[in-house]
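1. One predicted model, sequence on top.
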Amino acid sequence: MVETGLIIYLVIGSITASPFIYSMLFANKYQRNLFSKLFQREQTFLVEFGKDSLQTTKNPIPQRPIHSSGMVMANITIGPSWWQMWLAQIYTIFGGNIKVFDQLLAYARQEVMQRLREQAQADGWDDVLNVRIETSAIMQKTGGSKNNKTGTMELFAYGTGIK
Amino acid sequence: MQANQIMLSNIETIPGSTIIQSLGVVSGSTVRAKHIGKDILAGFKNIIGGELKAYTELLQEARAEAMSRMVIDAGQRGANAVVNVRFATSSVAGGAAELFAYGTAVIVE
């Protein structure tokens, strides 16, 4: 009777805990893999295209005549893993730098810039002027829902392509 | 449709041409939510973190919609370009997001 209770307790416990443990074990590996893939993509793009096409200035550097222009946009939505969210909650007790989110946001920002470069190349632009990157928290759960999606961030990069 | 001919830029001018008349601020907005099934799938994806493709797509579509509304507004005013386009995003309710695009409608040569 005590044993049956214990077994039921363990089964329910392991079912609820398993995604969390999965997150703890595999999330970091998965995200590091994403990072290295992105790095490779950036390198191949630089070699193929010959330069970084993004500029935050409103006039091309060096100055040159412009024949046509148009908007380019790219976006990405990311969420931290459950494990990272839990770690971040612990970190906020002591304050200071929350490393796990640093990495994730750095990844997302690089990824969105790379997408903007690729989009600009696909549309046939040589350069992208006045690049702006916006960050916004989306899909915030209202009320005390356990379904935790509050970490979801959207990064959106846009600029004016010229040729 | 006029929409195809309207040039967009997020700089104060259309590079390589001159603005001859301003027609005021034009804007477009849309509020979107995702199918609950995709919401749940995104929740599962959240276990290991990383990109949530369903939401990326959703926001992309929504932004395109907001922009097309802005462009239609500009077309009705007789503009041939929209300059200084900006975007704003806000979450209005659980699982829904509002996308807002605005800019200045102008006539360029």
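-> Received the coordinates, thanks. Numbering: from 1, shown residues only, chains lettered A, B, ... in the order given.
2. contacts, neighbours, all on C-alpha from now
-> Fine.
3. residue boundaries of the helices in the chain?
-> Picking chain A for this. Secondary structure of chain A (DSSP state H): helices at A:2-49, A:82-94, A:99-123.
4. that answer is for a different chain, and I need it for chain B
-> B:36-45, B:53-76.
5. I'd like the helices of chain A as a markdown table, with mean neighbour count, distance to residue A:64 and mean pLDDT appended.
-> Listed next are those as a markdown table, based on neighbours: other CA atoms under 10 Å in any protein chain shown; distance: least, CA to CA, whole Å; pLDDT from 0 to 100:
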| stretch | mean neighbour count | distance to residue A:64 | mean pLDDT |
| --- | --- | --- | --- |
| helix A:2-49 | 13 | 19 | 86 |
| helix A:82-94 | 16 | 47 | 85 |
| helix A:99-123 | 19 | 18 | 91 |
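6. Low-confidence bits of chain B, can you list those?
-> For chain B, the stretches flagged by pLDDT under 70 are B:1-4, B:93-95.
7. Point me to the residue of it nearest chain A.
-> Closest to chain A within chain B is residue B:49: 3.8 Å, counting by CA to the nearest CA.
8. Is that residue in contact with residue A:79, as I believe?
-> Yes - the criterion here is CA atoms under 8 Å, and residue B:49 meets it with residue A:79 at 5.2 Å.
9. Between these two, which contacts overlap?
-> With contacts taken as CA atoms under 8 Å, 6 or more residues apart in numbering or on different chains, residue B:49 and residue A:79 have no neighbour in common.
10. In contact with whichever residue of chain A sits closest to chain B, which residues?
-> Using CA to the nearest CA, residue A:81 is the residue of chain A that sits closest to chain B, at 3.8 Å. By CA under 8 Å, 6+ apart, the residues touching residue A:81 are A:23, A:27, B:46-50.
11. which strands and helices sit next to whichever strand in chain B runs longest?
-> Counting residues, the longest strand found in chain B (DSSP state E) is strand B:19-33. Packing partners of strand B:19-33 (3 or more CA pairs under 8 Å, 6 or more residues apart in numbering or on different chains; DSSP states H and E): helix B:53-76, strand B:96-108.
12. is chain A contacted by the shortest one?
-> Yes - legend: contact between strand B:96-108 and chain A by CA under 8 Å from any CA of the partner chain is shown at B:96-97.
13. neighbouring strands for that strand, and are they parallel or not?
-> strand B:19-33 (antiparallel), strand B:81-93 (antiparallel) (DSSP bridges).
14. Next, the angle helix B:36-45 makes with the longest one.
-> What that stands for is strand B:19-33. 80 degrees (axes from the mean of the first three to the mean of the last three CA atoms, to 10 degrees).
15. Mind listing the residues bridging to residue B:89?
-> In beta-bridge terms (that is, DSSP bridges), residue B:89 pairs with residue B:99.
16. wouldn't it be in contact with residue B:102 here?
-> No - using CA under 8 Å, residue B:89 makes no contact with residue B:102, being 11.7 Å away.
17. How far away from the center of its chain is the longest strand of chain B?
-> 9 Å (CA atoms, centre = their mean, to the nearest Å).
18. Give me the contact list for it.
-> B:13, B:58, B:62-63, B:65-71, B:73-74, B:77, B:79, B:95-109.
19. Can you say which of these are buried?
-> Among those, those scoring as buried are B:13, B:58, B:62-63, B:65-71, B:73-74, B:79, B:95-108 (criterion: 16 or more other CA atoms under 10 Å in any protein chain shown).
20. returning to that earlier point: restricting to C-alpha, output the longest strand of chain B in PDB.
-> Provided in PDB are the C-alpha atoms of strand B:19-33 (Å, rounded to 0.1, in the frame of the first residue of the first chain):
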ATOM      1  CA  ILE B  19      10.200  64.600 -53.000                       C
ATOM      2  CA  ILE B  20       7.800  67.200 -54.500                       C
ATOM      3  CA  GLN B  21       4.800  66.900 -52.100                       C
ATOM      4  CA  SER B  22       3.900  65.400 -48.800                       C
ATOM      5  CA  LEU B  23       0.500  63.800 -48.300                       C
ATOM      6  CA  GLY B  24       0.500  63.100 -44.600                       C
ATOM      7  CA  VAL B  25       0.900  60.100 -42.400                       C
ATOM      8  CA  VAL B  26      -0.400  56.800 -43.700                       C
ATOM      9  CA  SER B  27      -0.700  53.700 -41.500                       C
ATOM     10  CA  GLY B  28      -1.900  50.100 -41.400                       C
ATOM     11  CA  SER B  29      -2.400  47.700 -38.600                       C
ATOM     12  CA  THR B  30      -3.600  44.200 -37.900                       C
ATOM     13  CA  VAL B  31      -4.100  42.000 -34.900                       C
ATOM     14  CA  ARG B  32      -3.400  38.300 -35.300                       C
ATOM     15  CA  ALA B  33      -3.500  35.100 -33.300                       C
END
